[in-house]
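>>> got a predicted structure here, sequence first:
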Amino acid sequence: MKTTDLRKKDVVGLKTEVKALQKAHFGLRMQKATQQLTNTATIRIARRDIARAKTILVEKQSADTATSKATPSVAAK
C-alpha cells in the first residue's frame with residue numbers, strides 16, 4: 001500500500017485499514033503454517049504495510065492532539 005493512499009484517510013479509516021491488514025497478515029501466517037503459501041515474501045510485505053499504516057496513524061493522532069493543545073480554551077471568569 002502506498003503512503004499517499006494512507007495519508008488521504010482519516011484516523012477512523014486508518015484504524016480500519018490496520019485491522020484489515022492485520023487480518024490479512026494472520027491469514028498469510030496460517031497459509032504458511034499449513035504449507036499452502038507459495039510466496040513467503042508476502043508475509044514481510046504485509047508486516048511492512050501494517051507498520052506503515054500504524055506510523056501514519058500515530059502521526060495523525062499526534063497532530064490532532066497538538067492542534068487541540070495549541071488552541072487555548074477560554075476560562076470562565
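Thanks, I have it.
>>> which stretches of the protein form helices?
3-7, 11-33, 41-70 (DSSP state H).
>>> including mean neighbour count and mean pLDDT, could those helices go into CSV?
Any C-beta I mention is one placed from the backbone N, CA and C, and that applies to glycine too. Converted to CSV, the helices of the chain look like this (neighbours: other CB atoms under 10 Å; pLDDT from 0 to 100):
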stretch, mean neighbour count, mean pLDDT
helix 3-7, 12, 91
helix 11-33, 14, 96
helix 41-70, 13, 91
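>>> ok, Thr42 to His25 distance?
Between Thr42 and His25 the distance is 9 Å, computed by CB to CB, to the nearest Å.
>>> find the nearest non-adjacent residue to the residue nearest the centre of the chain, please.
Central residue of the chain (CA atoms, centre = their mean): Ala53, 2.7 Å from the mean position. The spatially closest residue to Ala53, leaving aside those adjacent along the chain, is Val18, at 4.9 Å (CB to CB, 6 or more residues apart in numbering).
>>> I figured the one you found hits Ile50, correct?
Yes - if you go by CB atoms under 8 Å, Val18 and Ile50 touch, sitting 6.4 Å apart.
>>> list the contacts of the residue nearest to Ala53.
Ile50, Ala53, Lys54, Leu57 (CB atoms under 8 Å, 6 or more residues apart in numbering).
>>> ok, Ala20 to Gln35 distance?
25 Å.
>>> need phi/psi at the closest residue to Gln31 other than its chain neighbours.
In space, and not counting its chain neighbours, Gln31 is closest to Leu37: 3.9 Å by CB to CB, 6+ apart. Per-residue torsions, Leu37: phi -90, psi 120 (degrees, to the nearest 10).
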